[in-house]
Structures are given as structure tokens and as C-alpha cells.
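Colleague: curious how this folds, go ahead:
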Amino acid sequence: MDLVKYAVTAVLVEKRSVRAVAASTGRSKSWVHRHVQLYREGGEAALAPKKPGPKVQPGQTAPEVEDAIVALRKQLSERGWDSGAKTIQWHLTQDGVDAPALSTIHRVLRRRGFVTPQPQKRPRSSWIRFESSLPNETWQTDMTHWQLANDEHVEIINFIDDYSRAVLCSRVVKVALAADVVRLFFEMTDIYGLPASVLSDNGAIYTTAFRGGHSGLEIELAQLGIRFKHGKPYHPQTQGKVERYHQTLKKWLRKQPAADGIEDLQSQIDGFVKDYNEKRPHQARGCPPMHAWRTLDKASPEFDGQPLLAKTKVRRDRVDHWGSVTLRYRRKLHHISVGRPHRHKRVLILMADLDVRVIDEDGVLLRHFELDPTRDYQARSRSSL
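Modeller: Predicted coordinates for the structure are as follows:
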């Protein structure tokens with residue numbers, strides 16, 4: 001730039017010839033003449049060096065695509081949903097738009113002021129991750145808090161599938177009790193089958209190991225052969241997936257009108273869970289969570305060397321005075337003989353289609369048989385008496 005100014009000044013101010021200036025600067029006469037002409041047409045600004053290449057890069061994102069990215073970012077944020085690059089890319093694809101790469105979407109958001117660089121954050125490459133390989137391999141569960149419009153405190157019990165991130169249960173209660181966790185667990189098994197393991201923190205509704213006892217859920221899972229895992233105290237990262245769901249749920253709830261009561265809040269959460277599972281793509285799976293849950297075979301626990309498949313139904317009962325329990329199959333009630341020596345015992349009935357197993361509280365198999373749907377009374381064979 002200094003050499004250009006020198007050459008232009010020498011010609012226009014000192015009135016030296018173009019030939020003489022070219023010789024003294026080591027440049028061609030056409031070079032000196034071109035810069036003199038640029039100065040005459042545009043002044044000193046015209047002498048600034050130009051960036052090589054086309055004014056508009058061939059691969060630059062089209063303005064209408066950038067506008068669509070920004071519009072989706074605003075729309076998702078206003079609704080309380082996650083609005084990162086992966087989510088925006090998925091929505092663009094669903095709308096029939098040729099979505100750009102994730103890095104391009106992120107650059108657009110950063111250029112438009114929606115993303116603030118945070119170089120001080122821990123890099124993702126340093127995280128230690130674990131993830132189930134199949135649906136129902138692990139269910140994560142935790143409880144979180146919320147307030148109603150009248151400042152009344154309530155609690156929300158959540159269960160999610162570790163692999164798919166599908167929300168299996170998100171139930172509002174006044175105060176979360178161990179009995180609520182057991183009840184909700186068996187409600188879920190009627191719909192989704194039995195998990196191979198369950199992961200929770202060390203809250204009193206999940207474990208009483210610190211008091212030297214066993215919680216209701218620990219006892220029930222042990223009877224079913226389901227492994228119950230607990231994270232380290234004061235280390236919520238172990239249950240990171242359900243903790244992340246808490247953040248997403250609360251972010252959405254803050255955008256909604258404050259609920260007047262438990263029923264109102266439960267209605268809001270039910271609508272959220274439906275969209276979360278069926279419509280909203282999860283960044284970890286690239287599709288709605290329940291789609292990922294349905295796609296693969298389900299992991300299952302094993303009892304007595306046999307897997308308890310996803311279709312297995314669980315029912316608790318007490319053996320009556322005559323040594324029988326009842327079981328309903330396709331709306332028809334059947335009476336199952338267990339034996340008078342087991343009168344008044346509490347039992348667990350596991351049914352996978354017509355395969356039936358009756359187990360006592362100690363995990364002892366009392367009877368294993370194939371149900372005959374044509375008979376009301378299922379007697380024990382003489383060989384088992």
C-alpha cells in the first residue's frame with residue numbers, strides 16, 4: 001500500500017513521468033498507470049487491496065435458508081424446546097428443505113447472534129459416556145421439583161429409557177413416596193415390558209441401604225432378576241440422561257401458564273411427553289425417541305435361566321384358602337392351582353402369552369405351566385403334587 005501511494009504521489013504531485021516512476025519502483029508502466037487511474041476515479045479508498053476471489057462464495061448459504069434457520073430457532077425457543085443445530089437440521093429436512101451441514105447451521109446462528117462462543121467449556125472429547133445398546137437395557141429414574149401457581153410444592157417422578165431417551169413415565173405427585181415408585185414401575189411394565197436393569201440416585205424413595213434396609217423397588221426388582229444400579233452420592237452425572245430430561249421439561253414448563261393444580265400440571269406434562277416422544281427429534285438418536293425405542297429388539301431380564309420378554313405381564317396376588325390364584329387372559333378369568341401348602345402366600349405371576357410362572361416372595365418357583373385358554377380351572381398335574 002505504501003508503494004502504491006508513493007507511485008501515485010510521484011506522478012500526480014511531483015509530476016514525474018510514468019516511465020520514470022516505474023523504473024524507480026521496479027514496477028511496470030501499466031501497473032503505475034492503473035493505480036494512478038484508480039486514484040483519479042475513487043480517491044485513496046480505491047487503492048486499498050481487494051480480497052481475491054468472487055464477491056459471493058459459490059458455497060455460501062442462500063439467504064432464504066439462513067432466514068429459515070433463524071425462524072426455526074426463534075420458533076423452537078419460544079415454545080420452550082431445544083433449538084440446537086441438530087434439531088434445526090431435522091426440522092428443515094422434514095419441511096423438504098435441503099438442510100446444510102450442522103457446522104453451517106451453527107455458523108449462521110453464531111453470526112446472527114444466537115450463539116455465544118464459550119471456549120472455557122470442557123471439550124466434548126473429554127467426556128466419558130456410557131449408553132445402552134438396546135431399548136429396555138436400562139431405565140433411568142429420578143424425581144424433580146416444581147411449583148404450582150399458588151406456590152404449592154409438588155414433585156415429578158420420571159422414568160426414561162437409556163438407549164432411546166423415550167419418556168416412559170412423567171407423573172406429578174404431592175410428595176414422592178417409595179410406594180409411588182413401585183406402583184408406577186409396574187404400570188410401565190404393563191405397557192413397555194420389563195427392563196434388564198434400572199438406574200437411580202440414592203434418594204430414599206429408591207434405596208434405604210444407608211439405613212441398612214431395602215426399599216420396595218429394590219425388593220420387587222430382586223424378585224424379577226432385574227439389576228438395580230445406583231449412582232455415586234453427589235454425582236448426578238451418572239443419571240445424566242434423566243437429569244437432562246428434567247432441564248428440557250422445566251424449560252418448556254416455564255413457557256407455559258402456571259398450573260393451578262396437580263391435574264392441570266399433569267395435563268400439561270402429558271401433552272409435552274407426547275410431543276417429546278413422537279414429534280421432537282432427540283439429538284442423540286436423530287429421530288423422535290419412541291421411534292428409536294420401537295425400531296430395535298428389547299433387552300430383557302432373565303429368571304431361572306429364561307428371559308422375561310417384553311410381552312411378559314406381571315401380576316401380584318395372594319394364594320387363597322384353597323391354594324389357588326386367579327389370572328385373566330383375553331377377558332376370561334382362570335383359576336390356577338398352586339397347592340394348599342402355599343395358602344395365604346403372596347406371589348408374583350409372570351405371563352408371557354400362554355407361558356405362566358408363579359413365584360413366591362423369596363423368588364422360589366412354585367409352578368410353571370402353559371395356560372389352557374379353554375379351561376377355567378388349571379389343575380396341577382399329579383407328577384407335581
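Colleague: Val181 reaches Glu155, doesn't it?
Modeller: No: using Cβ atoms under 8 Å, Val181 is not in contact with Glu155; the gap is 11.2 Å. C-beta here means a position set from N, CA and C on the backbone, and glycine is covered the same way.
Colleague: between these two, who's got more neighbours?
Modeller: Val181 (25 against 17; other Cβ atoms under 10 Å).
Colleague: residues contacting the helix or strand where that one lies, please?
Modeller: Applying DSSP states H and E as the criterion places Val181 in helix 178-192. Applying Cβ atoms under 8 Å, 6 or more residues apart in numbering, the contact partners of helix 178-192 are 136, 139, 141, 157, 159, 161, 168-169, 171, 173, 198, 204-206, 215-217, 220, 293, 310, 312-314, 316.
Colleague: can you flag which of these belong to helices?
Modeller: 216-217, 220, 293 (DSSP state H).
Colleague: can you report how many residues lie near the nearest residue to Gln266 once chain neighbours are set aside?
Modeller: Once flanking residues are discounted, Gln266 sits nearest to Val172: 4.7 Å by Cβ to Cβ, 6 or more residues apart in numbering. Val172 has 22 neighbours, counted by other Cβ under 10 Å.
Colleague: just checking, Val172 touches Ser267?
Modeller: No: with contact defined as Cβ under 8 Å, Val172 does not reach Ser267; the gap is 9.6 Å.
Colleague: list the residues that contact both of the two?
Modeller: With Cβ under 8 Å, 6+ apart as the test, Val172 and Ser267 reach no residue in common.
Colleague: on the three-state scheme, His145 is what?
Modeller: strand (DSSP: H, G, I helix; E, B strand; the rest coil).
Colleague: that one: neighbour count?
Modeller: 11.
Colleague: what's the distance between it and Gly216?
Modeller: Using Cβ to Cβ, to the nearest Å, His145 is found at 22 Å from Gly216.
Colleague: how near is the most centrally placed residue in the chain to Ala23?
Modeller: Nearest to the mean C-alpha position of the chain, by Cα atoms, centre = their mean, lies Arg165 at 3.9 Å. According to Cβ to Cβ, Arg165 and Ala23 sit 75 Å apart.
Colleague: again, but for Ala101
Modeller: Taking Cβ to Cβ, one finds Ala101 at 53 Å from Ala23.
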